[in-house]
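Participant: could you look at this predicted model? Sequence included:
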Amino acid sequence: MASANKIAVLAALVLLLQASSCAVARRPFGNGDGDTLAVMTVNGFQKGEEGGPSECDGNYHSDKLPLAALSTGWYAKGARCFKKIRITSVQTGRSVEAIVVDECDSRHGCKDNIVDTSKAIWEELGLDTNIGEVPVTWSDA
């Protein structure tokens, strides 16, 4: 009987470990409630740069402001417009708050795990914009 209990406990542990590893694998596509792993890219929010006006208000914004655009799922149909998020560099460990003003449209070329930010965010995190893509975590602030 004792060996049956040991086997049951081991089986339960294996199931818990499998569930845990699946949760970790899904983490990059989290919802921002915790530290969600993402790829940060640099974006221009000013008129004449690569994107159009902001999805949140139809306006252009200064790249000197701490701004972000989130992948479609995280943008949540505008639910995060003008809300603050906290972005932390995996490389430097530094964190900064940014204001969500735009969507990085995953239906038109943007990956599902992107936090697209202004040059001001890169500077605050001590990162070089020429790198183009860096690992970060983010959460709702």
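Facilitator: Done, it's in.

Participant: could you pull out the helices for this protein?
Facilitator: 2-26, 72-75, 119-124 (DSSP state H).

Participant: lowest-confidence stretch among those helices?
Facilitator: Lowest mean pLDDT within these: helix 2-26, at a mean of 42.

Participant: correct me if wrong: Arg80 contacts Ser71.
Facilitator: No. The pair formed by Arg80 and Ser71 falls short of the contact definition of CB atoms under 8 Å, at 11.0 Å. Using the backbone N, CA and C atoms, a C-beta is placed for each residue, glycine as well.

Participant: any weak-confidence spans in this protein?
Facilitator: Counting by pLDDT under 70, the chain has low-confidence residues at 1-33.

Participant: all strands for it, in order.
Facilitator: Secondary structure of the chain (DSSP state E): strands at 36-42, 67-71, 84-89, 95-104, 114-117, 133-140.

Participant: got TSV for those, with mean neighbour count and distance to Leu127 too?
Facilitator: Converted to TSV, the strands of the chain look like this (neighbours: other CB atoms under 10 Å; distance: least, CB to CB, whole Å):
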stretch	mean neighbour count	distance to Leu127
strand 36-42	21	8
strand 67-71	25	14
strand 84-89	18	6
strand 95-104	22	10
strand 114-117	25	10
strand 133-140	18	6
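
Participant: between these, which gets nearest to Pro53?
Facilitator: The closest of these to Pro53 is strand 95-104. By CB to CB, the value is 8.5 Å.

Participant: tell me the strands beside the closest one, with direction?
Facilitator: According to DSSP bridges, strand 95-104 forms sheet pairs with strand 67-71 (parallel), strand 84-89 (antiparallel).

Participant: list the contacts of that strand.
Facilitator: For strand 95-104, contacts defined as CB atoms under 8 Å, 6 or more residues apart in numbering pick out 41, 43, 45, 51, 54-57, 61, 65-72, 75, 78, 80-89, 110, 114, 116-118, 121, 124-125, 141.

Participant: how about the strands paired with strand 95-104 in a markdown table, adding distance to Ala98?
Facilitator: As requested, the strands paired with strand 95-104 are exported to a markdown table (distance: least, CB to CB, whole Å):
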| stretch | distance to Ala98 |
| --- | --- |
| strand 67-71 | 4 |
| strand 84-89 | 6 |
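
Participant: cool, thanks, signing off.
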